[in-house]
Structures are given as C-alpha cells and as structure tokens.
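Engineer: Got a predicted structure here, sequence first:
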Amino acid sequence: MGGVWVGVGWFGLARRRVPNSAVIFAVRRDWPDWHTHDFVAPRSTEAEAVRAAHNELAYWRRGPARPAVSIVRMSVNDYRIHRDRRDCRAPDCAAATSRRAGQARS
C-alpha cells in the first residue's frame, strides 16, 4: 500500500494514510553548516504545517545547530522518495511556499 501517514496522533488529531498522488504540506529544514535539507512533519493543511514549523523552531532553538524552517507544498510521492535520501543537495527539491515560519531567535 502506497502513501504516507499525515497528521499527528496525539490530542485528538487524527492521522490518516493518503495516496501518493495527494498534495501535502511539509516542514523543510535547511541546515546552514552542511548545506543540506530534509523534510519532516507532513500535514494535510498549511495551517497545521505552520504549527509544526513553529514546534520545530522551538525544539531547535537552544541547540548549537539551528536550521532555517519553511513550509513546502509537495506530493506525497515526492515526500516518500525524499524521506529515504540523506544529505540531499539537489536544487530541484521542493522550495518554500510564500509563507515563512520564521527564524530561530538568538
């Protein structure tokens, strides 16, 4: 069965499996030191992805490595393929949408 689980399973938010052709929003973390990126927290709506991005910023705020976080619109198939890539530096990966989640404060 294809697709990925979208959403979170806590506090009454339902997770559901979506097909590979569906469009989702994910959080893109760009690592400044290694010049790579990865995608985490697939969500079905942009508002849920923005909340997930703020949670990512809160998590990484105190660490020595602080990624730049943005919201990306992509297909489930692209997310599933990219999930298995490590240290991706490809220029053709999904880029940020018009909304920025913000940057970590020092």
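Structural biologist: Yep, it's here.
Engineer: dump the residue contacts of the most centrally placed residue in the chain.
Structural biologist: The centre of the chain sits closest to residue 27, judged by Cα atoms, centre = their mean, with a distance of 2.0 Å. Residue 27 makes contact with 39-41, 49, 52-53, 56, 69-72, 101 under the criterion Cβ atoms under 8 Å, 6 or more residues apart in numbering. For glycine as for every other residue, the C-beta is placed from the backbone atoms N, C-alpha and C.
Engineer: per-residue pLDDT, the closest residue in space to residue 36 that isn't next to it in sequence?
Structural biologist: In space, and not counting its chain neighbours, residue 36 is closest to residue 87: 4.8 Å by Cβ to Cβ, 6 or more residues apart in numbering. Among the per-residue scores, residue 87 shows a pLDDT of 74.
Engineer: And for residue 71?
Structural biologist: Residue 71 carries a pLDDT value of 93.
Engineer: my hunch is that it is in a strand, does that hold up?
Structural biologist: Yes - applying DSSP: H, G, I helix; E, B strand; the rest coil, one finds residue 71 inside a strand.
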